[in-house]
Structure formats: C-alpha cells, structure tokens
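[1] pasting a predicted model and its sequence here:
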Amino acid sequence: MASFLFPGQTGFYRGKVRDVYFIDDDLLLMIASDRISAFDVVLPHPIPYKGQVLNQIAAHMLQATSDICPNWLLEVPAPNMSLGKRCEPFKIEMVVRGNLTGHAWRTYTSGERLLCGVLMPDGMKENDFFPTPIITPSTKASEGHDEDISKEAIIEQGLATAAEWEQLSTYALQLFERGRQIANKQNLVLADTKYEFGSIGDTIYLMDEIHTPDSSRYFLKDGFEERQAKGEKQKQLSKEFVREWLIANNFMGKEGQSVPAMSPEWINEISLRYIELYEKVIGKKFVPETLSEKETKERIITALQKINP
C-alpha cells in the first residue's frame, strides 16, 4: 500500500529499497527508504537514516555531473525524497569497474577471465586497478537476481540499439571519471559503481541515484598502494561489509538459506557506517532530519506546484 496519495498520482511501485510514486504522465517521486538489501534480498530490519544518506549523496552527485549528461532530478523536497522526470528505462545497468573487486574478483578467482564479454588481464591481484575502467553490464531484473550480459547480447536482444549503446557507454565512462575525481578530492578511490539510464523521446537521461554506497564501492586512498603491495585487505566504504557479514553467517541469497538475526548493535553499526560514508564522500557533517508525515506531504505538494504551477 502507498503511504501517500498526491494530486495527479497515477501509480505506485514498491521496490526492494525504494518507493516510487508516478505523478501525472511525466513525473516520478522516489523515496529512499531505510530498507536494506543484499544478494537481491531485503533484510528484515531497516537501517536508521540510510534513506536520507543515500538520497542526499545522490542529489549532490547528480548536481555535480549535470554537465556530462541530462539527469532526471528536478527537486529534493524532503531528506529522503527526490522528484524528477519520468523516463522510459533501459532494462540494463551500466556497471563500471576501475578495480578488480567484488563480483569481478569472485569471477576472476574462479579462473574465468571473460566478464560480460570483456577480457580481464592475467596476473592481477584483488583490488588492483584495471589498465582502463571496464563496463560489465547486467540486466535489470524486476524480481530475482540481475544477470551479467555482454554488449553484443544487449544489442541482439533489443535492450539498446548500437547507437544507444555507444551513447550509454560514453556517458557511463565520463560519469565514472567525474566520480573518481570527486572521490580523489575526498581522499577516496571510487572502485566500481553502476548507472541506470532512461529516455524521453530521443534524449537519454541519467536516472535513479549515483555514487552512493548502495551502488558504489569506495576504498580509502591513504595507504592504498602500501596495502596492495603487502597483499593486505583494503579499507573500504560500501555495503560490501554487510555482504561479507551475511557470507560469514552462511547466507548468499540461495534457496534454503536463512537471513541471520540482526542485533540492535549491528543495525546501529550499519547506520553509523552509512553516515560515515556520507561525511567522507560529501565532505560535510551529516545532519539527521526527521519530518512528520504531514510535513513531508506538504513539502512534496509545494514542490509539485513549483514544477507544474
């Protein structure tokens, strides 16, 4: 059930971690909830302030990249809410990897060198930089696991034309380079991330959120090279620590596996990690903000009236 009903509302969709309201034919209100997912499963307990952290990082990054490509964002009416243009989404995620980590590393250690049709060089260690960033797309699944897919399969299956792919990949690499530059200024390394795009007519728009801990992996820059040289684990800011905790407790989203119990202490620890990432990525102190349902709705209606007077 939708929590709100807005003037002109035409639909509602509840995703794994976000609630989306469709307004008229051309607007979307996206609410970043405090729900958290890993291995495509929503965990049983929300994480305080996670929604505000993600929404405010995303808004900051969308504004900082708006010169590269058009994006969907118009207004940020509430701490965990964004209002913007409704696009027709491409049913793929553009995953960009600057370092051999996460899923790419797990693929690499299995002996595979081909990921989404992209050849990964021999002789690499975990977290090493690729010679140049690579794009390893995945299909955008409405349910279940997203799946790796190659550029050739995307075009063959009609998920994007060859011309659209060229534009999507150009945008993705330019956005990643900007993300790396922003991270570098904050003494971080943007290791990998994903972008989602859509279109309005013939124009491609960047959608959703970018460069947040839900879609990106950051390493601490200080000591990075020394840790690599010694073969030590990198210090990272992402939700990989949640995945690692689940793996250590025998959960990877597979059939028959159960999500381990989450203690109040662990929930608080996750919340603090998200806040830490906000402060490190943005370079500003996080200010928690909690609005009543009435205040929230009033702000959104004001924003809607501003867009469509």
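    It's in. Keep in mind it's a predicted model, so treat the numbers as computed, not measured.

[2] who are the contact partners of the spatially most central residue of the chain?
    Geometric centre of the chain, nearest residue: S215, 2.3 Å, by Cα atoms, centre = their mean. Applying Cβ atoms under 8 Å, 6 or more residues apart in numbering to S215 gives the contacts T193, K194, Y195, D208, E209. Every C-beta, even on glycine, is put in place using the N, C-alpha and C of the backbone.

[3] what is the burial count for the third one?
    The local packing of Y195 (other Cβ atoms under 10 Å) involves 27 other residues.

[4] got a list of what it touches?
    E93, M94, V96, Y171, A172, L175, L206, D208, I210, S215.

[5] same question for the helix or strand where it lies: list its buried residues.
    Assigned by DSSP states H and E, Y195 falls within strand 188-200. With burial defined by 16 or more other Cβ atoms under 10 Å, the residues of strand 188-200 counted as buried are L188, V189, L190, A191, D192, T193, K194, Y195, E196, F197, G198, S199.

[6] so how far is P213 from the second one?
    So the one you mean is V189. Distance, V189 to P213, by Cβ to Cβ, to the nearest Å: 14 Å.

[7] same question, the third one
    Look at L190 and P213: by Cβ to Cβ, they are 11 Å apart.

[8] what's the pLDDT at Q52?
    Residue-level confidence at Q52 comes out at 96, pLDDT.

[9] surely it meets T296?
    No. Q52 is beyond contact range of T296, at 12.0 Å (criterion: Cβ atoms under 8 Å).

[10] show me which of the two is the more surrounded one.
    Q52 (23 against 19).

[11] give the contact list for the nearest residue to the more buried one once chain neighbours are set aside.
    Using Cβ to Cβ, 6 or more residues apart in numbering and skipping residues adjacent in sequence, the residue nearest Q52 is P79, 4.2 Å away. Residues in contact with P79 (Cβ under 8 Å, 6+ apart) are G51, Q52, N55, Q56, E289, T290, L291.

[12] in what helix or strand does the fourth one lie?
    Using DSSP H and E, the secondary-structure element containing Q56 is helix 50-64.

[13] from the chain's centroid, how far away is that helix?
    10 Å (Cα atoms, centre = their mean, to the nearest Å).

[14] run through the neighbouring helices and strands of that helix.
    Applying 3 or more Cβ pairs under 8 Å, 6 or more residues apart in numbering; DSSP states H and E, we find helix 50-64 packed against strand 27-32, strand 73-78, strand 81-85, helix 162-185, helix 264-282.

[15] and those as JSON lines, adding mean pLDDT, mean neighbour count and distance to L62?
    Listed next are the helices and strands packed on helix 50-64 as JSON lines, based on pLDDT from 0 to 100; neighbours: other Cβ atoms under 10 Å; distance: least, Cβ to Cβ, whole Å:
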{"stretch": "strand 27-32", "mean pLDDT": "95", "mean neighbour count": "23", "distance to L62": "12"}
{"stretch": "strand 73-78", "mean pLDDT": "96", "mean neighbour count": "20", "distance to L62": "5"}
{"stretch": "strand 81-85", "mean pLDDT": "97", "mean neighbour count": "22", "distance to L62": "8"}
{"stretch": "helix 162-185", "mean pLDDT": "98", "mean neighbour count": "17", "distance to L62": "10"}
{"stretch": "helix 264-282", "mean pLDDT": "93", "mean neighbour count": "17", "distance to L62": "13"}
